[in-house]
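Asks: What shape does this take:
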Amino acid sequence: MNQKLYIKDIMTVDPVAVGPEDSVVYAARILFEHNFNGLPVVNEQKEVVGILTEYDLISKGGDLHMSTLINVLGNLDTYKKDNSLVKDELKRLLILKVKDVMNIDPLVVQEGDLIQILAEIFAKHHRVNPVPVLDKNKKLVGVVSRFDLVKFFVAENAANQVDPGQPAVLDQKVAEFIGNFEKKILFHSTHTGLWSFLGFVVALVGISIGLALILKFLA
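Replies: Residues are numbered from 1 along each chain as shown. This next block holds a predicted model:
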């Protein structure tokens with residue numbers, strides 16, 4: 001019987017989230033402080049009503065908040081002396097809410113979905129990151145990112161290079177990788193379809209990066 005790897009096995013549980021009425025400045029601060037790519041937006045019932053990502057902050061309403069922040073940061077001395085030059089714009093920025101900028105129709109996955117579903121989403125939707133994870137009651141229970149997907153397969157103590165001109169060494173690396181990965185399969189209750197899934201990883205992060213990752217897996 002094939003064992004399977006589910007999204008719940010690699011997701012981040014109890015994720016940080018914001019509400020639609022929270023300020024954009026507050027949400028942006030969370031993104032910056034935690035080095036997040038995005039935040040799920042939930043209502044009082046923990047139902048996902050949107051997602052706010054770095055892309056949303058840059059592309060939506062950009063004429064207002066991005067230009068304002070850039071101007072202020074580039075002219076701090078001037079604005080300290082006379083904040084009236086940017087006061088009105090800053091007021092508009094400070095009252096801007098998450099619901100004004102967020103994506104109101106985010107892609108979501110279920111915690112019991114197979115990992116291939118996530119790989120297909122990331123391969124098809126290049127701007128999507130992260131993806132909210134829901135339980136059977138449609139409540140937010142986690143988030144999963146491209147980083148979560150790739151880090152599961154990154155070998156510890158990976159060598160800088162693997163010389164294809166040394167087949168005996170390469171065979172040894174293959175055997176070591178399979179052994180190490182089998183341990184991860186037992187620990188995470190994953191499936192045995194490794195190489196088909198690596199094809200998704202290659203599509204996800206690009207051929208050159210994917211090949212580099214595969215070489216690291218063999219180290």
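
Asks: which strands and helices sit next to the helix or strand containing residue 28?
Replies: Using DSSP states H and E, residue 28 sits in helix 24-34. Under the contact criterion of 3 or more Cβ pairs under 8 Å, 6 or more residues apart in numbering; DSSP states H and E, helix 24-34 touches strand 38-42, strand 48-53, helix 54-59, helix 87-95, helix 98-101. From N, CA and C alone the C-beta is placed, and that goes for glycine too.

Asks: Any regions of the chain where pLDDT drops low?
Replies: 1-3, 60-90, 152-164, 170, 173-219 (pLDDT under 70).

Asks: Show me the strands in it, by range?
Replies: Using DSSP state E, the strands of the chain run over 12-13, 38-42, 48-53, 109-110, 131-134, 140-144.

Asks: what pairs with the last one, and is each one parallel or antiparallel?
Replies: The reference is to strand 140-144. Neighbouring strands of strand 140-144 in its sheet, by DSSP bridges, are strand 12-13 (antiparallel), strand 131-134 (antiparallel).

Asks: re the thing from before, buried ones in the helix holding residue 28?
Replies: Neighbour-count burial for helix 24-34, counted by 16 or more other Cβ atoms under 10 Å, picks out 24, 27, 28, 31.

Asks: which one of those is nearest residue 168?
Replies: Distances from residue 168 to those, taken as Cβ to Cβ, are shortest for residue 31 (48.1 Å).
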